[in-house]
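Asker: Predicted model, plus sequence, below.
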Amino acid sequence: MSEPTLIFETLHGSRAYGLARAGSDTDLKGVIIGPAAWYLGFGDAPEQIELSADHVRYELRKLMRLAAANNPSILEVLFAHDDDHRHVSPAGERLLAARPAMLSKRTADTFGGYALSQLARIRRHRRWLLEPPKAKPTRQDYGLTEERAIPKNELGAAEALLERGAVQVSESFLAVLDRERRFRAASKEWADFQHWKAHRNEARAALEAAHGYDTKHAMHLVRLSRMAVEILEHGEVRVRRDDRDELLAVRDGAWSYDALLEHAEALRGRIAAAKAASALPDAPDERALDDLCVELIEAELRCR
């Protein structure tokens, strides 16, 4: 079987954003078209190939699906600054020429959603810093017997029926169900907390200890939110950041936790307003993007 063809590759991550510092990783992301067997054979075909933890190549169809969905990581690959491109074939040039057609109002939910996920992590880690769980929860802590009153495999079904109002149960059953839910939530919180403690990056831990929250997550929250506004207002994905100095200051703890929350709320409002006024379509023309995907794959296979 022949090897996949690389049609595009670029820097990604902190170096592409212009936010790299000494010791920052060099991330590379690429786009490939596979051999004929990937598209015509009966075997499984990879959606991406990981040459290393910092070097990933996406099969074209996967990349196009994610781009049409306005996935932030994929749009950042495609819109990386020209100076950061390591390889662009003629097929890659055609792919890059189609970038404007990929953008839509979906960025409000994707870039904005990624930003919200950063905020959720910040809040969660701050809670663990200030009020860490003290002990692994037990069933007795929640007034539950060691033997489940509701078998585990039936618990989800019971909850679904109750949510739909499809079954009537006693108050005592509802009380047990509530205790089971709270115990499950506490158990998950404990497990997540233990994993976080065991796998924390030392530098990130030092930032959190010094500032009371994860300032690197804060930097990316601000970056993603601002990028969402820029795309919606101007139809541009500005990967290399003109606000580099301010973003690095945020990473170094220039904002208090309360100031960060204020900025996050203001940015969320700006995203909503930008979406309402945006000239971008609600969704990209997926048929046109699909046609381009087919054309690029067919042209590559004919050349083999």
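Answerer: Looks like it arrived, so ask away. Predicted model, so just to flag it, every value in this text is computed and none were measured.

Asker: quick one: what helix or strand has the residue nearest the centre of the chain in it?
Answerer: The centroid of the chain falls nearest to residue 114 when counting by C-alpha atoms, centre = their mean (5.2 Å). Residue 114 belongs to helix 107-130 when assigned by DSSP states H and E.

Asker: And that helix, what's buried?
Answerer: 107-108, 110-112, 114-116, 118-119, 121-122, 125-126, 128 (16 or more other C-beta atoms under 10 Å). Every C-beta, even on glycine, is put in place using the N, C-alpha and C of the backbone.

Asker: Which one of those is nearest to residue 211?
Answerer: Residue 211 lies nearest to residue 126 out of those, by C-beta to C-beta, at 9.8 Å.

Asker: Could you measure from that closest one over to residue 256?
Answerer: Counting by C-beta to C-beta, to the nearest Å, the gap from residue 126 to residue 256 is 12 Å.

Asker: a helix runs through residue 134, doesn't it?
Answerer: No - according to DSSP: H, G, I helix; E, B strand; the rest coil, residue 134 belongs to no helix; its state is coil.

Asker: That one and residue 186, how far apart?
Answerer: From residue 134 to residue 186 the distance is 11 Å (C-beta to C-beta).

Asker: If you count surrounding residues, which of these two has more?
Answerer: The neighbour comparison of residue 134 against residue 186 (other C-beta atoms under 10 Å) goes to residue 186, with 16 against 7.

Asker: Ignoring the adjacent residues along the chain, who's closest to the more buried one?
Answerer: residue 137 (4.1 Å; C-beta to C-beta, 6 or more residues apart in numbering).

Asker: ok, now which ones touch the one you found?
Answerer: Residues near residue 137 by C-beta atoms under 8 Å, 6 or more residues apart in numbering: 183, 186-187, 190.

Asker: before we move on, what about residue 56?
Answerer: With C-beta under 8 Å, 6+ apart, residue 56 has these contacts: 28-30, 48-50.

Asker: That one - that's part of a helix, no?
Answerer: No - assessed with three-state DSSP, residue 56 is strand; it does not lie in a helix.

Asker: tell me which residues form a beta bridge with it?
Answerer: residue 29, residue 50 (DSSP bridges).

Asker: Quick check: buried residues in the helix or strand residue 37 falls within?
Answerer: In the assignment (DSSP H and E), residue 37 maps to helix 36-40. For helix 36-40, the neighbour count (16+ other C-beta under 10 Å) marks 38-39 as buried.

Asker: Does anything pack onto that helix? Which helices or strands?
Answerer: helix 286-303 (3 or more C-beta pairs under 8 Å, 6 or more residues apart in numbering; DSSP states H and E).

Asker: And the closest residue to residue 14 other than its chain neighbours, how close does it get to residue 145?
Answerer: In space, residue 14 comes closest to residue 20 once its chain neighbours are excluded; the distance is 4.3 Å by C-beta to C-beta, 6+ apart. Computed as C-beta to C-beta, the residue 20 to residue 145 distance reads 55 Å.

Asker: ok, these two, which is more surrounded?
Answerer: Between residue 20 and residue 145, counting by other C-beta under 10 Å, residue 20 is the more crowded of the two (17 against 9).

Asker: what secondary structure does the more buried one sit in?
Answerer: Classified using three-state DSSP, residue 20 is coil.

Asker: Then residue 173?
Answerer: helix.

Asker: Mind listing what's buried along stretch 297-304?
Answerer: Buried residues in stretch 297-304, counted by 16+ other C-beta under 10 Å: 297, 300-301.

Asker: ok, residue 104 touching residue 284?
Answerer: Yes - Residue 104 lies in contact with residue 284 (C-beta atoms under 8 Å); the separation is 4.9 Å.

Asker: number of nearby residues for residue 71?
Answerer: Residue 71: 19 neighbours (other C-beta under 10 Å).
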